[in-house]
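Undergrad: predicted model follows, preceded by the sequence.
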Amino acid sequence: MNDVATLVPAAELVRRNGMRFPRESDDYRRARDMLLAEEIELRRHVERVAEQRRALPPGPVAEGDYRFMGEEGPVDLAGLFGDKQTLVTYSYMFGPQRERPCPMCTSLLGAWDGEARDIGQRVSLVVIARSPLERLLAFKKERGWQSLRLYSDINGHFSRDYFAIGDDGGDIPAFNVFTRRDGAIRLFWAGEMGGETADPGQDPRGAPDLMPLWTVLDNTPEGRGTDWYPKLEYPR
């Protein structure tokens with residue numbers, strides 16, 4: 001883990017920055033430099049958390065009757081790894097009881113589709129939902145997704161064990177990472193931030209946020225807002 005004592009203080013990095021914009025006021029620059037110092041500290045904290053995550057001890061062995069159907073046929077959990085040693089799964093809120101999938105999940109996956117092949121150079125990335133594969137593939141075609149690998153959870157066991165089904169039988173989004181080492185498949189890390197860990201006035205979300213959408217909006221004066229929601233269709 002990075003030794004904080006060896007890092008140049010954020011205030012010194014701000015001083016070295018030297019960026020100035022045409023016609024900016026002194027008040028703006030003072031406030032912006034204070035914010036820049038906080039942004040530097042945030043970047044460092046994100047890296048510290050990532051290092052702690054990578055240093056986790058071995059997680060629980062993933063054993064169960066996990067069966068999936070993909071475009072190339074049936075597969076078990078080990079088969080989802082392909083030739084990789086790490087598997088990233090996203091449980092998509094598109095169960096058979098839903099007429100249409102979750103717009104928020106769909107917004108996230110639309111962004112991931114553009115990154116899927118890059119991510120696939122290092123790890124296996126799959127999207128799992130409880131609807132039949134035919135429904136998943138029809139929606140994939142509708143959205144124009146090219147690179148996401150979609151799988152149907154045939155018996156629901158995976159979704160049940162890894163917290164993608166609520167007590168009422170409804171869908172819950174879930175993000176899980178598994179490893180395959182020395183012949184054993186283990187859970188490495190799972191997103192555990194939900195309603196119980198949410199701060200007042202905020203929607204439940206993890207950190208860092210998985211959605212590029214929020215990264216962009218968090219840099220605007222409008223922010224995330226509360227009077228809108230992603231849509232499945234937009235006027236052409």
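TA: Nice, I can see it.

Undergrad: contacting residues around the residue lying closest to P103 once chain neighbours are set aside?
TA: Nearest non-adjacent residue to P103, counting by CB to CB, 6 or more residues apart in numbering: P230, 4.5 Å away. Just so you know, the C-beta spots here come from the backbone N, C-alpha and C atoms, and that holds for glycine as well. With contact taken as CB atoms under 8 Å, 6 or more residues apart in numbering, P230 is in contact with 103-104, 106-107, 213.

Undergrad: now, which of those residues lie within strands?
TA: Per DSSP state E, strands hold no members of these.

Undergrad: identify the residue spatially nearest to the residue nearest to the spatial centre of the chain, adjacent ones excluded.
TA: Among the residues of the chain, the one closest to the centroid is L210, at 3.3 Å (CA atoms, centre = their mean). Nearest non-adjacent residue to L210, counting by CB to CB, 6+ apart: L108, 6.1 Å away.

Undergrad: quick one: that neighbour and W214 touch, right?
TA: No. Using CB atoms under 8 Å, L108 makes no contact with W214, being 9.7 Å away.

Undergrad: looking at those two now, which is surrounded by more residues?
TA: Shown here are L108 and W214; by other CB atoms under 10 Å, L108 has more neighbours (23 against 17).

Undergrad: where does the prediction get shaky in the chain?
TA: Low-confidence regions of the chain, defined by pLDDT under 70, span residues 1-4.

Undergrad: domain parsing for it?
TA: 1-55, 67-190 (automatic domain parsing).

Undergrad: any chance of a markdown table for those, columns distance to G225?
TA: Listed next are these as a markdown table, based on distance: least, CB to CB, whole Å:
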| stretch | distance to G225 |
| --- | --- |
| domain 1-55 | 21 |
| domain 67-190 | 14 |
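
Undergrad: just the ones you listed: most buried one?
TA: Among the domains of the chain, domain 67-190 has the highest mean neighbour count (mean count of other CB atoms under 10 Å), at a mean of 17.

Undergrad: in the protein, which spans are helices?
TA: Applying DSSP state H to the chain gives helices spanning 10-17, 26-54, 77-80, 103-119, 133-143, 157-161, 212-217.

Undergrad: tabulate these (TSV), appending distance to D168.
TA: Below are the helices of the chain laid out as TSV (distance: least, CB to CB, whole Å):
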stretch	distance to D168
helix 10-17	46
helix 26-54	31
helix 77-80	26
helix 103-119	18
helix 133-143	21
helix 157-161	13
helix 212-217	27
